[in-house]
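Visitor: sequence and predicted structure are below.
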Amino acid sequence: PRVTTPRHGRRGGTRRPRAPPPSGDPADTSEIGRLAVWSVTSAKPGNGVELLRDGNLDTYWQSDGAQPHLVNVQFQRKVKVREIALYADYKLDESYTPSKISVRAGNSFHDLREVCVVDLDEPVGWTRVRLDANGGGETEMDAEGGAPLRAYFLQLAVLSNHQNGRDTHVRQVKIFGPRQSPMAMLGNGVSFTTTEFAQFATVR
């Protein structure tokens, strides 16, 4: 499924705010992209990979090479992934705006498998791609009954742009994993038996 939200701010001299998280995020997720090493296959000088993660909607990564344009996200340990969110703005970027993306996952760059392909129709805002319970990649049932994707390595591939554009603009990318409960972190053998302690069993 795909959800987009309205663009923040106006074109022109008015500076748009730092990128808010995609609206409607499940309360049981947390952003895990900060745990990874990010790289891209190409970048125009001054528009590098770091701009995908700077929290600023006025900046963007711009590719500088042949398609597909790849964003590689490598974690030091295998992580559970529920969702990847991409911010694109067709009104500002026009032919630089992605029109088709592929999400791939695996243990390394050399064994990636395609999880899904998503078509984007003049997106303005966040496009959210759910990765759990979709087949591709290794899955594992968690405490909430879902099946998050598990991988060391994620890849976002821009396969094509609007108006047959060659290079692409992507303004932000976020990756969400299931939030682990305090009880799970302590271990299944730990339990609270009094009302006073039980009230701290969940994070509010």
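Guide: Nice, thanks for sending it over.
Visitor: least confident secondary structure element in this structure?
Guide: Ranked by mean pLDDT, DSSP states H and E, the weakest helix or strand in the chain is strand 138-139, scoring a mean of 45.
Visitor: C-terminal to that one, which secondary structure element comes first?
Guide: strand 149-161 (DSSP states H and E).
Visitor: helices or strands next to that following strand in the packing?
Guide: strand 69-81, strand 83-89, strand 98-106, strand 138-139 (3 or more Cβ pairs under 8 Å, 6 or more residues apart in numbering; DSSP states H and E). All C-beta spots, glycine's among them, are computed from the backbone N, C-alpha and C.
Visitor: show residues contacting the helix or strand following it.
Guide: Where DSSP H and E defines the elements, the next helix or strand beyond strand 149-161 is strand 169-170. For strand 169-170, contacts defined as Cβ atoms under 8 Å, 6 or more residues apart in numbering pick out 52, 60-62, 71, 86-89, 93, 96-98, 158.
Visitor: with stretch 32-45 instead?
Guide: For stretch 32-45, contacts defined as Cβ under 8 Å, 6+ apart pick out 48-50, 52-53, 61-65, 69-76, 79, 81, 154, 167, 173-177.
Visitor: show me what counts as buried in that stretch.
Guide: Neighbour counts using 16 or more other Cβ atoms under 10 Å place Ile32, Gly33, Ala36, Trp38, Val40, Thr41, Ser42, Ala43 of stretch 32-45 among the buried residues.
Visitor: for the third one, give its distance to Thr59.
Guide: In this case it means Ala36. 19 Å (Cβ to Cβ, to the nearest Å).
Visitor: the fourth one now?
Guide: If you measure Trp38 against Thr59 using Cβ to Cβ, the figure is 14 Å.
Visitor: same question for the fifth one.
Guide: Going from Val40 to Thr59 by Cβ to Cβ gives 14 Å.
Visitor: again with the last one
Guide: With distances defined as Cβ to Cβ, the gap from Ala43 to Thr59 amounts to 12 Å.
Visitor: of all the helices and strands packed on strand 149-161, which lies closest to Asp119?
Guide: strand 98-106 (5.4 Å; Cβ to Cβ).
Visitor: what pairs with whichever helix or strand comes after that closest one, parallel or antiparallel?
Guide: Under the assignment DSSP H and E, the closest C-terminal helix or strand after strand 98-106 is strand 113-119. The strands beside strand 113-119 in its sheet (DSSP bridges) come out as strand 98-106 (antiparallel).
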